[in-house]
Structure formats: structure tokens, C-alpha cells
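Novice: Starting from these lines, generate the structure:
(one chain, ligands or ions: 2)
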Amino acid sequence: MAVSREQMKDIYTRMCRIRAFETAAKDLFAEGKIYGFAHLYLGEEAIAPAVCECLRDDDFITSTHRGHGHIIAKDGDLNLMMAELFGRYTGYCKGKGGSMHIADRNLGILGANGIVGAGHNIAVGAGLSIKIRGTDQVCVCFFGDGSTNQGTFHESLNMASIWKLPIVFVCENNHYGISMSQDRHQAIKDIADLIQRMVVPISQTAMSQNPIIGHLEEMILRPDPWIEFSANPLIPWCFGNCAVEITTSDLRRIVKGGPIATHKIDIIHALEDALHGFDITEGRIEQ
Ligand SMILES: Cc1ncc(C[n+]2csc(CCOP(=O)(O)OP(=O)(O)O)c2C)c(N)n1
Ligand SMILES: [Mg+2]
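Specialist: Numbering: from 1, shown residues only. Ligands and ions are numbered 1, 2, ... in the order given. Here you go, the predicted model:
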């Protein structure tokens with residue numbers, strides 16, 4: 001099973017778009033031209049484009065404080081985004097929201113969010129609305145490993161599972177809650193262990209070892225409300241007043257070039273497989 005050449009190109013294009021946007025944002029913050037906070041999606045570029053490739057325009061996503069990549073993957077307007085980062089009136093929120101509050105209801109983007117764990121509840125609301133309205137939309141809830149310590153995470157998973165809401169929970173596990181390593185912020189090693197009695201089945205994928213195609217197949221072919229991606233954050237991926245403490249062993253683990261390099265290699269194989277291509281638009285995530 002393979003993803004078609006067009007789809008691979010589309011995913012890769014979005015990954016590069018995210019890399020370019022975030023690199024520009026990083027430089028502008030470093031030069032002091034943009035104020036406030038920015039949490040960058042550098043090193044995680046493969047996740048949102050791969051997931052959003054499976055979505056229709058009328059599907060929903062909820063985002064996080066690290067939301068630029070999600071918004072770009074769901075076709076957010078780069079000019080409106082950058083204007084918002086600059087605090088301009090021409091930005092997505094008329095310059096009042098900044099990096100962490102970008103939303104676009106026309107594109108089903110229900111908002112980035114400065115409150116860690118708040119996207120989970122919004123996803124439950126969207127999922128419930130889909131169910132009540134009886135449409136075949138889905139809502140993807142992007143969230144980080146750190147947010148799984150929030151009560152909202154547990155409440156939302158519980159409600160989504162008892163009401164069987166059409167939500168796909170996508171854990172972007174970069175093994176840090178911004179600057180605090182996962183083994184310091186939670187006792188469990190494996191986030192999927194935390195929830196396996198609540199939501200089944202579960203698929204876990206390590207982005208670095210098993211690039212894009214496997215993830216797409218997992219999402220499309222099986223009704224699977226939980227996906228965990230292991231991401232490789234690039235440094236620096238946070239601007240603001242937080243101290244980033246990344247250990248040397250983690251730095252070694254971080255692949256130079258991040259998933260863009262991995263995905264580029266994968267594209268060559270994907271193109272070979274494209275003759276046996278699988279049309280994503282044929283598959284829907286069902287609950
Ligand atoms: C309710 C709440 N508590 C604390 C914070 C401060 N904070 C911002 S990001 C973050 C860590 C989030 O970790 P994770 O979800 O893994 O996302 P990552 O930054 O690793 O992408 C924290 C604690 C916040 N924004 N909101
Ligand atoms: Mg994290």
C-alpha cells in the first residue's frame with residue numbers, strides 16, 4: 001500500500017512551507033522584530049501535513065501553543081499568520097492574539113491555544129456537534145506529551161470514548177514539556193499505556209523510524225482514535241522567557257535536518273510505489 005505521488009508531494013510541500021515559515025519566525029524573534037512568545041514547529045513538520053492530508057476542508061482540528069505547523073498544514077493563510085505574529089491589524093486576530101491564538105473557522109481550524117490542555121475540550125465539543133448534526137466530519141485533536149498531565153486530557157478522552165465521538169487524538173510526543181524532559185514530568189514512559197483501557201485500538205508510531213506512509217495507512221485503514229508520533233524537536237524551538245534544558249544524550253538523538261530529511265529519502269521509495277497508489281480521498285476515518 002502506498003500513498004500517491006501527488007499526495008507525497010503535497011505533504012512534502014507543506015512540510016517545507018512550515019520549515020520556511022518557522023525559520024523566518026525564528027530569525028525575526030532573534031532580531032527582536034517580533035515580541036512575546038513563539039513556540040516553533042521545527043523538527044515536527046512531518047506530523048501535521050501527514051495527518052491533514054487525510055482530512056477534508058470541512059473537518060476540524062484543534063491546536064496547541066505550538067500551532068503554526070497545524071495551521072499551515074490545514075491551509076492557513078501565511079500572510080495573515082505572519083501579520084498576526086507582528087501584532088498587525090491585518091493579522092488573523094487583528095493583531096490581538098499573536099502566535100498562540102490563531103484560528104480560522106472557515107478552514108475548520110478551531111484555534112491554537114496558550115492554555116496547555118484546552119484543545120482537548122474544544123475537540124470534544126466539535127466531536128459532539130458532529131455527532132448531533134449527523135455529518136461524517138472528523139475532528140483531529142493535536143496535543144503534546146506535557147498536556148497529558150492535565151485533567152482536561154483525561155476528561156476529554158473519557159467523554160469521547162463513552163459518547164463515541166469522531167475525534168482522532170494525535171499525540172505529538174517530543175519527550176519534553178517545553179524545557180522539562182518527559183521522565184521528569186511524568187512517571188510513565190509510554191503515554192499509550194496511560195489510556196489503553198479507555199480508548200482502543202491504539203497505534204503508536206515513531207516518526208524517526210517509520211516515516212509518513214505507515215502513519216497514513218494506520219489512520220485511514222483502521223478506525224483508530226489514538227495516534228502517537230514520536231517527534232524530533234530541533235533546537236531552538238521555543239522563544240520567550242523559558243529556559244531550555246535539553247540533555248546531551250537527547251541532542252545526540254535529534255537527527256540533523258529533522259523529518260524533512262527523513263521524508264525526502266522516503267519520497268524516492270514512495271514515487272516507486274506510486275503506481276500502486278492509494279487514493280486517500282477514498283478512505284474516511286470512521287468511528
Ligand atoms: C494550563 C497551563 N499550564 C502551564 C502552562 C505553561 N506551559 C506552556 S507550554 C508547557 C509545556 C507543554 O508541553 P507539551 O504539551 O509536551 O508541548 P511541547 O511544548 O512539548 O510541544 C507548559 C507547562 C500553560 N501554558 N498552560
Ligand atoms: Mg512535548
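Novice: Could you name the helices and strands sitting against the strand or helix carrying residue 160?
Specialist: Here residue 160, judged by DSSP states H and E, is contained in helix 151-163. Counting by 3 or more Cβ pairs under 8 Å, 6 or more residues apart in numbering; DSSP states H and E, the packing neighbours recorded for helix 151-163 are helix 118-133, strand 167-173. Backbone N, C-alpha and C define where each C-beta goes, glycine included.
Novice: how far away is the residue of the stretch 51-200 of the chain found nearest ligand 2 from residue 47?
Specialist: Relative to ligand 2, the nearest point of the stretch 51-200 of the chain is residue 144 (3.6 Å; Cβ to the ion). Counting by Cβ to Cβ, to the nearest Å, the separation of residue 144 from residue 47 is 11 Å.
Novice: Compare the two (neighbour count), which wins?
Specialist: In this view residue 144 and residue 47 are compared by other Cβ atoms under 10 Å, and residue 47 has more residues nearby, 30 against 23.
Novice: so the more buried one touches residue 69, yeah?
Specialist: Yes: under the criterion of Cβ atoms under 8 Å, residue 47 makes contact with residue 69 at 7.4 Å.
Novice: related to what we said a few turns ago, which residues are in contact with both of residue 144 and residue 47?
Specialist: Common contact partners of residue 144 and residue 47 (Cβ atoms under 8 Å, 6 or more residues apart in numbering): residue 172.
Novice: quick one, what contacts the residue of the stretch 51-200 of the chain closest to ligand 2?
Specialist: So residue 144 contacts 64, 66, 116, 171, 172, 173, 174, 177 (Cβ under 8 Å, 6+ apart).
Novice: So residue 61 is in contact with residue 110, correct?
Specialist: Yes: counting by Cβ under 8 Å, residue 61 touches residue 110, with 6.7 Å between them.
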